[in-house]
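Asks: Return atomic coordinates for the entry below.
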Amino acid sequence: MGVKLIDNNFQKEVQINSLFFSDGTPHINNFSVYKNDYTIDLRFGSNNDLLMALALTDYLKRSAAKSITLYCPYFPGARQDRGAPLTAKIYADIINDQNYKEVWILDPHSDVTPALINNCRLIDQSKIFAHLHGNRYTALICPDAGATKRTEKYAQELGISKIYYAGKKRDVLTGKLDGFRMPEIDRREKLLLVDDICDYGNSFIGLGKLVPKHSNIDLFVSHGIFGAGLDNLLRVYDRIITTDSFPSETILNYQDPRFKVIKINPLLDKI
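Replies: Just a heads-up that it's a prediction; the model follows:
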């Protein structure tokens, strides 16, 4: 289950027993709740995780909890933050109805999602930057126009002055990607491509193939869904780095020295 409960006063995880009935309804078995501040750590992997977090929220509200904070690093629906359906708002409305003291998210897809969530706070990314600092990258790759702000933020934090601005085209009807473009790159560079989400990874594979052979290139994404696994990505990238924000099977089980998972912790990573 992608849901844990933290007692903020004692700074420790609370053991809860939960289950889903045969009809998919979540249930929380009785446990002691004190007049303390609590944090629900939601690692959204499916809507079932959200349902369980909502059931836990209701349980705490009906007990003695003083306040409830939601720690949800990967916010569902964030990629659909414009147009119709506006899925990010659907999830935000559900979250807002709970009246959490704070809602913590990591590296949202755009500024839209934090604006939709009441009492939204951004998780400090300084520990992520610390993990990337030691790799001595000489340049970053910005995968598309939408990632410009994120890439420039990383460049500033990592002390890197050179950014290669790449691009691609997507057919809005079929979702098919083509028209990948990459500036001319010096093969002596040690490159890092940064973005927020990797699902099937087709855009990263298409862009990575345009980098000169024998160049050093790593990929960092804040949220690794990896719906098609990592094998094809690791044919293009020397290393892949992500966080444990999304509880995918790849994150939990993939064993390869070229794959690094940075653990984020609600007890440590809030500011």
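
Asks: quick one: the strands in the stretch 51-200 of the chain?
Replies: 67-71, 103-105, 120-122, 139-142, 163-165, 167-170, 177-181, 190-198 (DSSP state E, counting those that start in this stretch).

Asks: show me what contacts the closest residue in space to R239 that isn't next to it in sequence?
Replies: Nearest residue to R239, sequence neighbours excluded (Cβ to Cβ, 6 or more residues apart in numbering): D218, at 4.4 Å. Bear in mind the C-beta positions are built from the backbone N, C-alpha and C, glycine included. Taking Cβ atoms under 8 Å, 6 or more residues apart in numbering, we find D218 in contact with 135, 137, 191-193, 237-241.

Asks: In PyMOL, how would I select just the buried ones from those?
Replies: Only the buried entries of these go into this PyMOL selection, using 16 or more other Cβ atoms under 10 Å:
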select buried, resi 137+191+192+193+237+239+240+241
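
Asks: Tell me which of the contacts of D218 has the lowest pLDDT.
Replies: The lowest pLDDT within those belongs to N135, with 83.

Asks: give me every residue that touches that residue.
Replies: 190, 192, 218.

Asks: and the gap between it and D238?
Replies: Plainly put, N135 is 10 Å away from D238 if you go by Cβ to Cβ, to the nearest Å.

Asks: Same question for A65.
Replies: Looking at A65 against D238, where the rule is Cβ to Cβ, the gap reads 47 Å.

Asks: With N253 instead?
Replies: For N253, the distance to D238 - Cβ to Cβ - is 21 Å.

Asks: Quick check, pLDDT for the spatially most central residue of the chain.
Replies: Centroid check for the chain by Cα atoms, centre = their mean gives H223 as the closest residue, at 3.1 Å. Reading off the confidence values, H223 has pLDDT 97.

Asks: The one 10 residues further on too?
Replies: According to the predicted model, the pLDDT of L233 comes to 97.

Asks: contacting residues for it?
Replies: Applying Cβ under 8 Å, 6+ apart to L233 gives the contacts 198, 201, 204-205, 208, 219, 226, 240.

Asks: Just give me the closest of these to E184.
Replies: For those, the residue nearest E184 by Cβ to Cβ is G208; the value is 15.5 Å.

Asks: Quickly note the distance from the nearest residue to G224 once chain neighbours are set aside to V211.
Replies: In space, and not counting its chain neighbours, G224 is closest to T242: 3.4 Å by Cβ to Cβ, 6+ apart. To V211, T242 is 20 Å away according to Cβ to Cβ.
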